[in-house]
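Chemist: Next comes the sequence, and after it the predicted model I'd like to discuss.
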Amino acid sequence: MTEQLPDYLVLREEQWKKMLVDVIKHAPEEACGLLGGKGRNVVDVIPVTNELHSPTRYRMAPEEQLAAFNYLDQLALDPIGIYHSHPAGPQVPSETDLKEAYYPEAVYLIWYRLDDDWSCRGFILSRANPVEILLKIVSDK
């Protein structure tokens, strides 16, 4: 049986803004965090410290990452996504992202700067070539 990978991910505006605030706050370093949810629906966004404090790489602080996984377990949520930023580009997964994609079931969200604005794209990295997926942002109302 072939694993069914998502072709889209649903986020609420509040979750989108929470990631954006984290990305802006940590620039020019890469920001990172986890998305917990069920199926294609994000329920919570958990920012995690980038212990490398690098503008071109991230590694989640192990204690915070473990605490985030435990938190998701307590809420019966799955780790369905990972976000990080590319403050100086690219808009797509880097060579390092592809090599270090340890969670094939997760959607990888990459935040990038376009002029003075930030944007985000989602990718499945479990295949030979990254596959972009649609990010659906829904109103909090």
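Modeler: Received the coordinates, thanks.
Chemist: Looks to me like Leu35 is in a strand.
Modeler: Yes - counting by DSSP: H, G, I helix; E, B strand; the rest coil, Leu35 is located in a strand.
Chemist: Confirm for me that it is in contact with Gly81.
Modeler: Yes - taking contacts as CB atoms under 8 Å, Leu35 lies within contact range of Gly81: 3.2 Å. To be clear about C-beta, it is placed using only N, CA and C from the backbone, and glycine gets the same treatment.
Chemist: where in the chain is pLDDT low?
Modeler: Low-confidence segments of the chain (pLDDT under 70): 1-6, 127, 141.
Chemist: Pick out the residue closest to the middle of the chain.
Modeler: The residue at the geometric middle of the chain, judged as the C-alpha nearest the mean C-alpha position with CA atoms, centre = their mean, is Tyr83 (1.7 Å).
Chemist: Grab the nearest non-local neighbour of that residue.
Modeler: Take Tyr83 and drop its neighbours on the chain: the residue closest to it by CB to CB, 6 or more residues apart in numbering is Leu109, 3.9 Å away.
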